[in-house]
Structure formats: structure tokens, C-alpha cells
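[1] need a structure here:
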Amino acid sequence: MNTAASSQTEQVASVPKELAACRLDRVASVLFPDYSRSLLTQWIREGRLTIEGMRGVPKRKVQAGECLRLQPDESRIETEAEPEAMQLAIIFEDEDLIVIDKPAGLVVHPGAGNTKSTLVSGLMHHRPALAGLPRAGLVHRLDADTTGLLVVAASRLAHKTLVEAIAARRVKREYQAIVEGCMIAGRDFDAPIGRHPKQRMRQVVREDGRPARTSVRVAQRFRAHSRLQARLHTGRTHQIRVHLSHAGFPLLGDRKYGARGMLPKSPHADLVSAVQGVARHMLHAATLGFAHPRSGEDMTFDAPMPADMEHLLQALAIDAA
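    Numbering: from 1, shown residues only. Here you go, the predicted model:
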């Protein structure tokens, strides 16, 4: 999962070998995919995007290992989405906030291959004024196949306050996950995450990645699986998925990160059917907590487990009985 950055939040990336000798603007568009190439080109010219600590020009050829640093100006980011009517599971709304319970399969923000029918499109139809906010009010994201809670800023005050709260780790984000393998005890992951050097759509644990911390506790053990509670302390792309996969416990259904459709020895027929029917990675943003940006009141929201995860847990319990 990515966290929207404020204009003061620096992003850092290293040039991989396969992009050596490419233009700086092209490399930037690969390493910072949240922003359009045209906007990144502007930031190169303005000195917001530097290479090895120095200003560059868009056509400059880069070398492997060189460090790109970006200070994004979120106030100038415009969404490419168009308003579109859709059903939104809104569980809270006021002048500053909209809290959504996102279903599986709904892409949050338009991007390559996903320009229509995104959550942003639905939000802009629901509240047109969001078009005047950076990223239409998004301050954090969920992967398309992750279900659960997401807060959207509906005012400038809320956007500034929530972005700062996320950066300062004052927003509580807890997830429910079902993984392959029996995790004996909880653990705290403190392992940097960066883009895979060859598979650009994946993230990996790597020494030169961005700091990433996840706390995991075991909620339930089955014969060959575990239900976990995971808490984010940072918000890197695919963070929970990467940390759990790196530890040998990929999310059930997460084939991108190593899930194999694991089954215990002599599994119950219901479990075989349930595992074979998994259509997404089993991750749910269950709890979201933060201080209201205007009143300061502590707010906590909980979203029930989606039906597909409940069905899987029932089958796991039957098999373990």
C-alpha cells in the first residue's frame, strides 16, 4: 500500500541497472509512478527532482546506482479521473472527512491500465469539490484487491492534517490477514522495501529501500495457515504483502508474492474447495483510527471481515476440528 506525500516529504530511489543510460525523465516516471511524466519533467527543471544531489535536465542520461531525490509539490497534482456514479460504502462523512469501506477489485486511483471506474471517480461524483484537492483528497491507498477502510480528506484542512498525521505515524491502521504457513509467534518487521530490480510491478526487501515497519500478531492458527493481525507503522507499496512473503508466510491468494494454494495433509473437502476458490489476496483493512482534523476528537472505525475471508475461515476451522 502507498501513502500520499506532503510537499515536505522526500522520496528517494536508486537507478537500477536495466535503466542505465536512459533519460532522467523516463527513469523518474518508472521510479516514481504516482506522478505523470510531464509533472516529473517540470519538477526536474525546478530542482524538486535531483540526481546525486544536483539539478539535472530531463534528457540527461543516468547511470546505475545514481540516487534520485524528489520533493513533490502535492498542491499541483491534478487527478486524471472523471466523475462517475457508483455505489460507495460510506461509513462516515462530514465536511472534512469521508471514510469508505472499499470492496475487493476497486482500484483506488487512476493509473496505467486503470483510468475509469476508480474510487476517485466515484468520490468526485459523490462530492465534486474533491476535484480541487490534491489527489481528490486521497491521503493513503489500498491495493485493488485489499478490502476495508480508507479515509479521504474532504477539505484543505483535513488534507494537510491527515497527511502530517500519517507521516508522523499518528494514524492507526490495522489489518486482518490469512497467510500460508503456521506462524508460531508474532513479530515486528523492520526491513526496508524497494522496487524489484527486474520485475517493476513488485516490491522486495532490499538494503537500499525505504524504511518499512510492520507489527504482526497471531490471532488464530490452523493446520497449514494462520490468521494474523498486522499493524502498519509506515506505508510502503505492498508493505504487508512484502514483509510476510519475505518471512515465508505469503498471503493466501497472493500469487505475485509467492502464494501456492497451500493445503494441509489430507485436507477437508470444504477447505480444498475454499482455497481453490480464492480470487484475491486475503488482506482486509479492519481498523482505522485518527484524530479528527478539525475537532481533535479521537475517531476509530472498524469494518467487518468480508464474506470471502469469513467463508475461508469457516473452512479452515472445519478442517482443523
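
[2] From residue 302, how far out is the residue lying closest to residue 188 once chain neighbours are set aside?
    Excluding the flanking residues, the one nearest residue 188 by C-beta to C-beta, 6 or more residues apart in numbering is residue 215, at 4.9 Å. Heads up, the C-betas are built off the backbone N, CA and C, glycines and all. Distance, residue 215 to residue 302, by C-beta to C-beta, to the nearest Å: 18 Å.

[3] cool, and residue 87?
    Distance, residue 87 to residue 302, by C-beta to C-beta: 21 Å.

[4] Which one's more surrounded, these two?
    Per other C-beta atoms under 10 Å, whichever of residue 87 and residue 302 has more neighbours is residue 302, with 13 against 7.

[5] For the spatially closest residue to that one that is not a sequence neighbour, give the beta-bridge partners.
    Counting by C-beta to C-beta, 6+ apart, residue 302 lies nearest to residue 287, which is 5.4 Å off, once chain neighbours are set aside. Assessed by DSSP bridges, residue 287 has beta-bridge partners residue 174, residue 302.

[6] quick one on the thing from earlier: how about the residue nearest to residue 188: which residues does it bridge to?
    residue 188, residue 231.

[7] Equivalent analysis for residue 221, please.
    residue 226.

[8] My guess is it contacts residue 185. True?
    No. Using C-beta atoms under 8 Å, residue 221 is not in contact with residue 185, being 10.3 Å away.

[9] Which residue is the nearest non-sequential neighbour of residue 207?
    Leaving aside its sequence neighbours, residue 207 sits nearest to residue 192 (C-beta to C-beta, 6+ apart; 6.5 Å).

[10] could you pull out the helices for the protein?
    For the chain, the helices defined by DSSP state H cover 24-31, 37-46, 119-126, 156-167, 239-246, 269-276, 307-320.

[11] TSV for those, including mean pLDDT and mean neighbour count?
    Below are these laid out as TSV (pLDDT from 0 to 100; neighbours: other C-beta atoms under 10 Å):
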stretch	mean pLDDT	mean neighbour count
helix 24-31	88	21
helix 37-46	88	18
helix 119-126	93	22
helix 156-167	89	20
helix 239-246	98	25
helix 269-276	97	16
helix 307-320	97	18
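
[12] export the ones you listed to CSV and tack on distance to residue 67?
    As requested, the helices of the chain are exported to CSV (distance: least, C-beta to C-beta, whole Å):
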stretch, distance to residue 67
helix 24-31, 11
helix 37-46, 14
helix 119-126, 31
helix 156-167, 21
helix 239-246, 22
helix 269-276, 43
helix 307-320, 40
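
[13] out of those helices, which comes closest to residue 262?
    Residue 262 lies closest to helix 269-276 among those, at 7.7 Å (C-beta to C-beta).

[14] Other residues contacting that closest one?
    For helix 269-276, contacts defined as C-beta atoms under 8 Å, 6 or more residues apart in numbering pick out 252, 261-264, 267, 311-312, 314-316, 318-319.

[15] coming back round to it: wouldn't the residue nearest to residue 207 be in contact with residue 208 here?
    Yes. The pair residue 192 and residue 208 passes the contact test of C-beta under 8 Å, sitting 7.2 Å apart.

[16] Next, count neighbours for residue 59.
    With other C-beta under 10 Å as criterion, residue 59 counts 11.
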